[in-house]
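# Have a look at this prediction, sequence included:
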Amino acid sequence: MGLKFIYTHKGIEFQHQQKLRLVMESQLGLNLIEQSFNVRYSSWVREALDELTDSFTITDPCISGHPIVFASRGFLKMSGYSKDEVIGKNGRIFQGPRTNRRSVMEIREAIREERTLQINILNYRKDGTPFWMLFHLCPVFSKEDGRVIHFVAVQVPILRKPRRSGSEFARNGVSLCEDGSGYRETVLGCCRREMCSDSVAELARVFALDTVLGDDRDLLADEPCKANEIEKRKANNAMNSILSMLTHYSELTGRLVCAKRCNLSGMGPLGASLNISLGRIKQSFVLTDPHLTDMPIVYASDAFLNLTGYDRHEVLGRNCRFLSGQDTDSSTQFQIKESIQNEQACTVCILNYRKDGSSFWNFLHISPVRNASGKIAYYIGVQVDVSSKDQNEQQRLSPEIRQLSAVGAVKVAVRSLSMGASTSK
């Protein structure tokens, strides 16, 4: 009985810790989404974007999962979702069983290559109804370092030309439009007639009509639909308005954005595809570029920001030594420098400092990351706070295993990307 109580108590405690961890991760994600806009644009940008009637979303490839960080009122009205149901989610939630996989791959490829794309795609509303739309994607670049910081996606519903079919009736002239409004109007009209009719024959026709309309909706979902020139111009005009607004409100903060990557001779940006792959790794780590002056940080994970208390823009472009402080051992720093010069991995325990000035013992593992050709592309530094008193976490995975898993995941991501780049040339 005693052992059973102990195991039950431990199980409840573990579940509580898991729930607490999920809540903390969720809160961290919401904070990062807020920072995604607040750091780059003035506080008025959300209100200004809400004034636009267009349907569009803005996503951040630098945050784990490439989530939506802004959804326009027009998009929420079109999709049937609320703001809370969309923010923080990936755009794949709007896909469904009849969404063309090839179209999805084309969108992913455009994100990987950081380029503009216009494509016709079938998506689904919250209530499950399918609709065709013109999907217009455009990257937003930082004028400082040329990195992609956001993607804007404009969605223009494609309206079908009325067509003669089993679902079009001379009685009321209503056709089944792509937005489903014809379906709703026809069925509601039939319901009203059903309430007023005592005829069994009339009632049978009502149910027959409902069946035909349901079949026709499936048929419309299966048939490819292309945007016309008016819809394409509408998407282009909406995108230009959004980009112009983002540019204007970034000027107010001094952290300028632009629709085209600037030709910079300095820091080379990480691709959006690599950013997304690295964002899936949960450990605290940074990537530095040994080919740039002073070996700056070019990527910092969400967990690293949570550990150190810094925002992403305060970390990128700086050397890792900014984490050192008054009591940091200089001999340990020299050991790190020597291993990098020899292109070797090393593991040390070093005293580092957070943004608020508090210190922590960092069990740090540094390793070179080579591309597909075998050349060193980056160095990864994986941090584990061994000052933490969370013994349960330590027992589940040792610091060494966590570090090696992060290093392995980063190496796979970098090599896969460089292999893909070489084969596409």
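Yep, it's here.

# Worst mean pLDDT across the helices and strands of the protein, which element?
Here the helix or strand of the chain ranked lowest by mean pLDDT, DSSP states H and E is helix 181-196, holding a mean of 38.

# Ignoring the adjacent residues along the chain, who's closest to the residue nearest the centre of the chain?
When the chain is reduced to its mean C-alpha position, the nearest residue by CA atoms, centre = their mean turns out to be His66, at 1.2 Å. In space, and not counting its chain neighbours, His66 is closest to Ile276: 5.1 Å by CB to CB, 6 or more residues apart in numbering. No exception for glycine: its C-beta is placed from N, CA and C like everyone else's.

# Give the buried residues for whichever helix or strand that neighbour is part of.
Assignment of secondary structure by DSSP states H and E places Ile276 within helix 272-279. Across helix 272-279, burial judged by 16 or more other CB atoms under 10 Å covers 272-279.

# what does stretch 326-343 give?
Residues of stretch 326-343 classed as buried: 328, 332, 335-336, 339-340 (neighbour count, 16+ other CB under 10 Å).

# Remind me what the host helix or strand of Ile230 packs against, helices and strands.
In this structure, Ile230 sits in helix 229-251 according to DSSP H and E. Using 3 or more CB pairs under 8 Å, 6 or more residues apart in numbering; DSSP states H and E as the contact criterion, the elements in contact with helix 229-251 are helix 45-50, strand 56-59, strand 130-142, strand 148-157, strand 257-258.

# Report the rounded mean pLDDT for the first one.
For helix 45-50, the mean per-residue pLDDT is 92.

# Work out the gap between it and the centre of the chain.
Taking CA atoms, centre = their mean, to the nearest Å, the mean C-alpha location of helix 45-50 is offset from the chain mean by 20 Å.

# Alpha carbons only: can I get it in CSV?
Extracted as CSV, the C-alpha positions of helix 45-50 are listed here (Å, rounded to 0.1, in the frame of the first residue of the first chain):
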residue,chain,number,x,y,z
VAL,A,45,1.2,49.1,-36.4
ARG,A,46,-1.5,46.6,-35.2
GLU,A,47,-4.2,49.2,-35.2
ALA,A,48,-3.2,50.5,-38.6
LEU,A,49,-3.1,46.9,-40.1
ASP,A,50,-6.6,46.3,-38.6
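
# Enumerate the positions of that helix that are buried.
For helix 45-50, a neighbour-count test (16+ other CB under 10 Å) marks 45, 49 as buried.

# who touches it?
The set of residues that contact helix 45-50 without belonging to it, under CB atoms under 8 Å, 6 or more residues apart in numbering, is 37, 70, 72-73, 242, 245-246, 249.

# how near is Ala259 to Ile158?
Taking CB to CB, to the nearest Å as the measure, Ala259 and Ile158 are separated by 24 Å.

# Can you flag the weakest of the helices and strands packed on helix 229-251 by average pLDDT?
Mean pLDDT across those is lowest at strand 257-258; the value there is a mean of 88.

# Which neighbouring elements make contact with that one?
Packing contacts for strand 257-258, counted by 3+ CB pairs under 8 Å, 6+ apart, involve strand 130-142, helix 229-251.

# So for Ala204, what's the pLDDT?
So Ala204 comes in at 50 (pLDDT).

# What residues does Phe363 make contact with?
With contacts taken as CB under 8 Å, 6+ apart, Phe363 has the following neighbours: 347, 349, 383-386, 399, 403.

# Asp127 now?
With CB under 8 Å, 6+ apart as the criterion, the residues that contact Asp127 are Gly80.

# Kindly compare burial across the helices and strands packed on strand 257-258 and name the winner.
Looking across those with neighbours counted as mean count of other CB atoms under 10 Å, the highest average goes to strand 130-142: a mean of 21.

# Now do that strand: distance to the chain's middle.
In terms of CA atoms, centre = their mean, the gap separating the centre of strand 130-142 from the centre of its chain is 14 Å.

# just stretch 399-413 next, same as before
Stretch 399-413 sits 22 Å away from the centroid of its parent chain (CA atoms, centre = their mean).

# pull the CA atoms of that stretch into PDB?
Presented in PDB, the C-alpha positions along stretch 399-413 are these (Å, rounded to 0.1, in the frame of the first residue of the first chain):
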ATOM      1  CA  PRO A 399      23.300  17.400 -19.700                       C
ATOM      2  CA  GLU A 400      25.700  15.600 -22.100                       C
ATOM      3  CA  ILE A 401      22.800  13.700 -23.800                       C
ATOM      4  CA  ARG A 402      20.800  17.000 -24.200                       C
ATOM      5  CA  GLN A 403      23.900  18.700 -25.700                       C
ATOM      6  CA  LEU A 404      24.700  15.900 -28.100                       C
ATOM      7  CA  SER A 405      21.100  15.700 -29.300                       C
ATOM      8  CA  ALA A 406      21.000  19.400 -30.000                       C
ATOM      9  CA  VAL A 407      24.400  19.300 -31.900                       C
ATOM     10  CA  GLY A 408      23.200  16.300 -33.900                       C
ATOM     11  CA  ALA A 409      19.900  18.000 -34.900                       C
ATOM     12  CA  VAL A 410      21.700  21.200 -36.000                       C
ATOM     13  CA  LYS A 411      24.300  19.300 -38.000                       C
ATOM     14  CA  VAL A 412      21.500  17.400 -39.800                       C
ATOM     15  CA  ALA A 413      19.600  20.700 -40.600                       C
END
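
# Now do the same for the residue nearest to the centre of the chain: its pLDDT.
89.

# which element is it on?
Counting by DSSP H and E, no helix or strand carries His66.

# Which secondary structure state is assigned to Asn120?
strand (DSSP: H, G, I helix; E, B strand; the rest coil).

# quick one: it and Phe131 touch, right?
No - contact status for Asn120 versus Phe131: not in contact, 11.4 Å apart, counting by CB atoms under 8 Å.

# in the stretch 101-250 of the chain, what spans have low per-residue confidence?
Within the stretch 101-250 of the chain, the set of residues satisfying pLDDT under 70 comprises 161-222.

# quick one, helices of this protein?
2-38, 45-50, 73-79, 83-86, 101-113, 181-196, 200-222, 229-251, 272-279, 302-308, 312-315, 330-341, 391-396, 399-423 (DSSP state H).

# From the chain's centroid, how far away is the third one?
Average the C-alpha atoms of helix 73-79, do the same for its chain, and the two points are 19 Å apart (CA atoms, centre = their mean).

# one step back: what sits against the residue nearest to the centre of the chain?
With contacts defined as CB under 8 Å, 6+ apart, the neighbours of His66 are 59-60, 90-91, 111, 276, 279.

# From those residues, which one has the minimum pLDDT?
Least confident entry in those, by pLDDT: Ile276, with 82.
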